[in-house]
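Colleague: Here is a sequence with its predicted model. Questions after.
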Amino acid sequence: MVEIQFSRGITEPVVPDVRLTKSRVGEQGKATFYFDHPAILGNEVNEDVTGMYMLDEEGEITTREVKAKFVNGKPAALEAIYIMNSTAEWDRFMRFMERYSAANGLGFDKAE
């Protein structure tokens with residue numbers, strides 16, 4: 001089981017675009033997730049967004065930094081940012097992303 005949730009217990013089926021950055025020293029990193037028209041913002045779901053929860057067999061990674069994007073007054077996207085402040089947090093996040101990528105057919109393109 002590997003999934004992302006915005007409200008506990010409700011799996012988000014939309015696969016995000018994910019951008020990663022890492023400090024030159026390698027101690028800190030940032031992952032930016034962009035979900036275009038996520039199900040949690042649809043008419044069928046009546047739950048509040050309480051954060052972004054990344055779940056796998058190792059446990060849960062959580063961020064509260066989630067922002068909605070609106071187009072013509074209607075919610076169109078969610079952007080979530082996860083900050084990693086140590087090499088251990090980076091490594092844990094990368095293990096999650098490897099599992100999530102394999103389960104959802106994501107690829108990885110390294111910047112030049």
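Modeller: Looks like it came in fine. Residues are numbered from 1 along each chain as shown.

Colleague: Report how many residues lie close to the nearest residue to Ser7 once chain neighbours are set aside.
Modeller: In space, Ser7 comes closest to Glu47 once its chain neighbours are excluded; the distance is 3.8 Å by Cβ to Cβ, 6 or more residues apart in numbering. In this view, the C-beta of every residue, glycine as well, is placed from N, C-alpha and C. The tally of other residues near Glu47 (other Cβ atoms under 10 Å) stands at 12.

Colleague: List the contacts of Glu47.
Modeller: Contact analysis of Glu47 by Cβ atoms under 8 Å, 6 or more residues apart in numbering lists 6-7, 10, 40.

Colleague: let's go with 7 Å and repeat that
Modeller: Residues near Glu47 by Cβ atoms under 7 Å, 6 or more residues apart in numbering: 7, 10, 40.

Colleague: Same list, those, but as a markdown table with pLDDT, secondary structure and distance to Asp56 please.
Modeller: As requested, these are exported to a markdown table (pLDDT from 0 to 100; DSSP: H, G, I helix; E, B strand; the rest coil; distance: Cβ to Cβ, whole Å):
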| residue | pLDDT | secondary structure | distance to Asp56 |
| --- | --- | --- | --- |
| Ser7 | 94 | strand | 18 |
| Ile10 | 92 | strand | 17 |
| Ile40 | 92 | helix | 19 |
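
Colleague: Thanks a lot, catch you later.
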